[in-house]
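>>> Here is a sequence together with a model predicted from it:
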Amino acid sequence: MLLYTVQFLCSLLRALHKAMASLLCSPTLSVPAASPLSLRRGNVSKVHPIQCFDQEQLLMVPTALSMDVFGACNVGNDIKVEQQQVEKTKKKAAWAAKRRPSMLVIPVSAPPEAGQAVVAGWGVAAAVAEKEAEAEVEGEGFWVASRRGARHGMEDSYGVITHKDGADSQLAFYGVYDGHGGRAAVDLVSDRLGKNVVSAVLAATEATHDAVTAAIRAAYVATDSEFLRQGVRGGSCAATALVKGGDLYVANLGDCRAVMSLDGAATALTSDHTAARDDERARIENSGGYVSCGSNGVWRVQDCLAVSRAFGDAGLKQWVISDPEIRRQPLTPGCEFLVLASDGLWNKVSNQEAVDAVARSRRSSSYCCKELVDLARGRGSRDDITVMVVDLERFLR
């Protein structure tokens, strides 16, 4: 009887083992291996798909199963949180990209080659001025200061030729240029005008005042022709001074201005070319054009340009001419210095104020030009400002 009882209990135990093993070894029940994220965070121990257990492993199944199931849940939660963080970062980057302005690229002119005789304003100081928005230059008998305006990129420039050429050691050329409609226009004028003027004057068959004046005029027209042939957009104003044989020849287009100190008194050697001038307005209207005055009181040619003479401006060339006005001034005792500047200065500083400011600084450095730039900017000038001061007394010694 005892034997039958033992056999029955053994068979019952084997049946229970088979039933439990069948349940735990179902082909649909498996748990994925733990991801690296869960292992890194220490949420679960190393997990493998569940296989059929033998009798010795049977008692460990409930504990391992619970750990693997909860570990798998933690893995899913970690992945989901990380994906949400990635999506949030992408959205922030896309939103910032929409609000961020595009990078502003400003071209910088190449510096002059070694030994070059011509001092082209934006050749000498181009890199400094474009990078720092202002420049100061001290040369032989001249000083320059410039500052970029607040509304656009720098469109002012200058040019100087002071080297000896042949037997005429008194030959010197100075110019200040104010471009509009882009940087290319003023770059071309500052590079070509001085060379053309000096070449034309030296090539003149006569040394009379009329011959020099005619050569300067021809050089201005030739520079404008080069400008138009190259198809450069925009235009440029100019005020230049040529010293030759004890005389000062001043020429201008537009609203750049030349003012001389004569015994401390300001003497304007140029007259601004604007549509507000009666003679300029009459010339334009007689040639079939028109001028208009806007609500801000500025007169414009064809409702467009505020100056009536300039280099370039191909679309307005019928009315905006490149024929300069030229004035000869004998250099006599009392001719102290010359101020050449763009309209960024003259719109805020009078002729006499400019002369007085330079006289106070004793013309010993570029500080005299910088003081004028600061004065105009302090009075609200938002335009580009370029000021050049030329020592005229050095030509009288």
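The structure has been received and is ready for your questions.

>>> Give me the pLDDT value at Ala133.
Listed pLDDT for Ala133 reads 74.

>>> Touching, it and Arg147? I think so.
Yes - look at Ala133 against Arg147 with C-beta atoms under 8 Å: they come within range, at 6.6 Å. C-beta: built from backbone N, CA, C; applies to glycine.

>>> So which of the two has more stuff around it?
Arg147 (25 against 16; other C-beta atoms under 10 Å).

>>> Which strand residues bridge that one?
Listed beta-bridge partners, Arg147: Glu134, Ile385 (assigned using DSSP bridges).

>>> Just the pLDDT for it.
94.

>>> cool, Pro27 as well?
pLDDT, Pro27: 48.

>>> Same question for Glu87.
Glu87 is assigned 74 on the pLDDT scale.

>>> Check Ala120 too.
pLDDT, Ala120: 42.

>>> all helices of the stretch 201-350 of the chain, in order?
For the stretch 201-350 of the chain, applying DSSP state H, counting those that start in this stretch gives helices covering 209-229, 278-286, 343-346.

>>> I'd like to know which elements the first one is packed against.
The contact analysis (3 or more C-beta pairs under 8 Å, 6 or more residues apart in numbering; DSSP states H and E) places helix 209-229 against helix 183-203, strand 235-244, strand 247-253, strand 311-312, strand 325-330.

>>> hang on, the earlier thing: closest to Ala258 out of the helices of the stretch 201-350 of the chain?
With C-beta to C-beta as the criterion, Ala258 lies closest to helix 343-346 of the helices of the stretch 201-350 of the chain, at 10.4 Å.

>>> Flag every buried residue along whichever helix or strand comes after that closest one.
Sequence order places helix 351-361 as the next helix or strand after helix 343-346, per DSSP states H and E. By neighbour count on 16 or more other C-beta atoms under 10 Å, the buried set for helix 351-361 is Asn351, Ala354, Val355, Ala357, Val358, Ser361.

>>> One more: stretch 361-376?
Buried, per 16+ other C-beta under 10 Å, within stretch 361-376: Ser361, Arg363, Ser366, Tyr367, Cys368, Cys369, Lys370, Glu371, Leu372, Val373, Leu375, Ala376.

>>> how about low-confidence regions in this protein?
1-7, 10, 17-82, 86, 88-132, 163-169, 362-364, 397 (pLDDT under 70).

>>> quick check: domain ranges of it?
Listed domain ranges for the chain are 18-99, 119-273+309-395 (source: automatic domain parsing).

>>> Which of the three states applies to Tyr174?
Here Tyr174 is recorded as strand under DSSP: H, G, I helix; E, B strand; the rest coil.

>>> ok, the closest residue to it other than its chain neighbours - contacts?
Nearest residue to Tyr174, sequence neighbours excluded (C-beta to C-beta, 6 or more residues apart in numbering): Ala241, at 4.7 Å. Remark: with contacts taken as C-beta atoms under 8 Å, 6 or more residues apart in numbering, Ala241 is in contact with Phe173, Tyr174, Gly175, Leu248, Tyr249, Val250, Ala258, Leu338, Leu340, Val390.
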